[in-house]
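Peer 1: I'll drop the sequence and a predicted model, then ask my questions.
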Amino acid sequence: MQVDKDLVIIGAGAAGLSAAQYAARANLDVLVIEQMAAGGQSLIIGDLENYPGFPEPINGADFAQLLETQAKNFGAEFLIASATSLKKEGEIFTIETSKGPITTYAVILSTGAQHRKLGIPGEKEFSGRGVSYCATCDGPFFKGKKMLVVGGGDAACDEASFLANLSDQVIMIHRRDRFRAQKSLADRVLHNPNIEVRFNHVLKEIKGSMKLESVVMENTETGESYEEEMDAVFVFIGSIPQTQLVPDLPKDEGGYIITDQCMETEVKGLYAAGDLRATPFRQLVVAAGEGAVATHCASQRIDAIKGQAYE
Ligand code: NAP
């Protein structure tokens, strides 16, 4: 049976763009579906400083542009659309999208993960008016102002360090008595004179009128709740994998998709790569590597279906 595309990649973050580059370079007819701009999480990174091969920090959006250009130079096609469902009949997948159905022999899911929300009073109301999930995007609006960072992982430490370049009034709270982040990132925060770290603290409420004006925090060690004036709140408390297209696939306790070493899910021909996959370390370089592996294995499957396998 004829299909529209050999391979369809859903999601154009680092995993999807790397997968696309490898697929196009291997002469596969490959389509990347993305609902917004290509780049995924890298778009919100100010200075990307740990991607191998870039000894000087590179802006995340510039990095994403390089990945996209490289994939396009090898012949990958891109479609701006949202994928709404995915089904498999025999060896053929059909993806329903906002621009119509697409059939293919193999699918790489690389839809990434979205920011987790606190779910406290005021968070939704002041989102975009003081509450942010992206320091690079919104930090410059609060230059010299008092900013609160919530979280204790790599993202929170990275972003707090970025905000401390904009203001000497950065307060960081974490619900535990030490950071989850990699030691190098945690140390950078702990030694930054512009950041005041308060462990064993949780944010209870965000208040204001036209804009954010104060926050209510609780010291969980003493049980004391107190209100403090604040200009902005930056929330970095992890992510939720975007797996709505595949509700029935096996996942780990965090909801991340489980694959084999080929990045193949329980469904033959359906691969998952990047931040939505169960992995011990979520990094751009890992996502890009997973995209390459997924394409390599998908191309072997496609060759077999087409009767071109190297036996
Ligand atoms: P993460 O590692 O899952 O950390 C989330 C942090 O938020 C944890 O400290 C967690 O507390 C806290 N948290 C979760 N829910 C909370 C809630 N409801 N209220 C208060 N605090 C809450 O997430 P991440 O920092 O976004 O990082 C995600 C992945 O990206 C990681 O694999 C990370 O390595 C990677 N990353 C790497 C870099 C880098 O290498 N430069 C930068 C950014 C992200 P507990 O510790 O108590 O669970």
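Peer 2: It's in. Residues are numbered from 1 along each chain as shown.

Peer 1: in this protein, which helix has the most residues?
Peer 2: Counting by DSSP state H, the longest helix found in the chain is helix 284-305.

Peer 1: Tell me the buried residues in it?
Peer 2: Applying a neighbour-count criterion of 16 or more other Cβ atoms under 10 Å, one finds 284, 286-295, 297-299, 301-303, 305 buried in helix 284-305. (Each C-beta comes from the backbone N, C-alpha and C, glycine too.)

Peer 1: Give me the helices and strands touching it, please.
Peer 2: When contacts are defined as 3 or more Cβ pairs under 8 Å, 6 or more residues apart in numbering; DSSP states H and E, helix 284-305 packs onto strand 5-10, helix 14-25, strand 100-109, strand 270-272.

Peer 1: and the first one, average pLDDT?
Peer 2: If I follow you right, that is strand 5-10. Mean pLDDT, strand 5-10: 98.

Peer 1: cool, and the second one?
Peer 2: In this model, helix 14-25 carries a mean pLDDT of 98.

Peer 1: thinking again about what came up before, any idea how far the longest helix of the chain is from the chain center?
Peer 2: Its chain's C-alpha centre and that of helix 284-305 lie 19 Å apart, by Cα atoms, centre = their mean, to the nearest Å.

Peer 1: near the ligand, which residues of the stretch 51-200 of the chain show up?
Peer 2: Proximity of the stretch 51-200 of the chain to the ligand (Cβ under 6 Å from any ligand atom) is limited to residues 116, 118, 150-156, 158, 175-176, 180.

Peer 1: got it, and the stretch 201-311 of the chain?
Peer 2: Going by Cβ under 6 Å from any ligand atom, the residues of the stretch 201-311 of the chain near the ligand are F236, I237, G238, S239, F281, R282, Q283.

Peer 1: Please list only the buried members of those residues.
Peer 2: F236, I237, G238, S239, R282.

Peer 1: Near M147, how many other residues are there?
Peer 2: The number of residues packed near M147 is 27, by other Cβ atoms under 10 Å.

Peer 1: give me the beta-bridge partners of it?
Peer 2: V170, A232 (DSSP bridges).

Peer 1: now it: how far from the ligand?
Peer 2: 17 Å (Cβ to the nearest ligand atom, to the nearest Å).

Peer 1: just K124 next, same as before
Peer 2: Going from K124 to the ligand by Cβ to the nearest ligand atom gives 15 Å.

Peer 1: That residue: which element?
Peer 2: Assigning secondary structure by DSSP states H and E places K124 outside every helix and strand.

Peer 1: what's the answer for T136, then?
Peer 2: helix 135-138.

Peer 1: Only the C-alpha atoms, please, for that helix, written as CSV.
Peer 2: Output in CSV follows, covering the C-alpha atoms of helix 135-138 (Å, rounded to 0.1, in the frame of the first residue of the first chain):
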residue,chain,number,x,y,z
ALA,A,135,13.0,33.6,32.6
THR,A,136,14.6,34.4,29.2
CYS,A,137,11.3,35.5,27.8
ASP,A,138,10.0,37.6,30.7
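
Peer 1: For that helix, the averaged confidence score.
Peer 2: For helix 135-138, the mean per-residue pLDDT is 86.

Peer 1: Not counting its neighbours along the chain, what's nearest the residue in the chain that the ligand sits nearest to?
Peer 2: Residue of the chain nearest the ligand, by Cβ to the nearest ligand atom: G153 (2.4 Å). In this structure, G153 finds its nearest non-sequential neighbour in R180, 4.8 Å apart by Cβ to Cβ, 6 or more residues apart in numbering.

Peer 1: so the one you found touches G152, yeah?
Peer 2: Yes. Assessed by Cβ atoms under 8 Å, R180 is found in contact with G152 at 4.8 Å.

Peer 1: Look at those two and report which has more neighbours.
Peer 2: G152 (25 against 14).

Peer 1: How many residues are close by the nearest residue to that one once chain neighbours are set aside?
Peer 2: Nearest residue to G152, sequence neighbours excluded (Cβ to Cβ, 6+ apart): H174, at 3.5 Å. Using other Cβ under 10 Å, the number of residues around H174 comes to 25.

Peer 1: And P193, by the same measure?
Peer 2: The number of residues packed near P193 is 7, by other Cβ under 10 Å.

Peer 1: and it, that's in a helix?
Peer 2: No. Counting by DSSP: H, G, I helix; E, B strand; the rest coil, P193 falls outside a helix, being coil.
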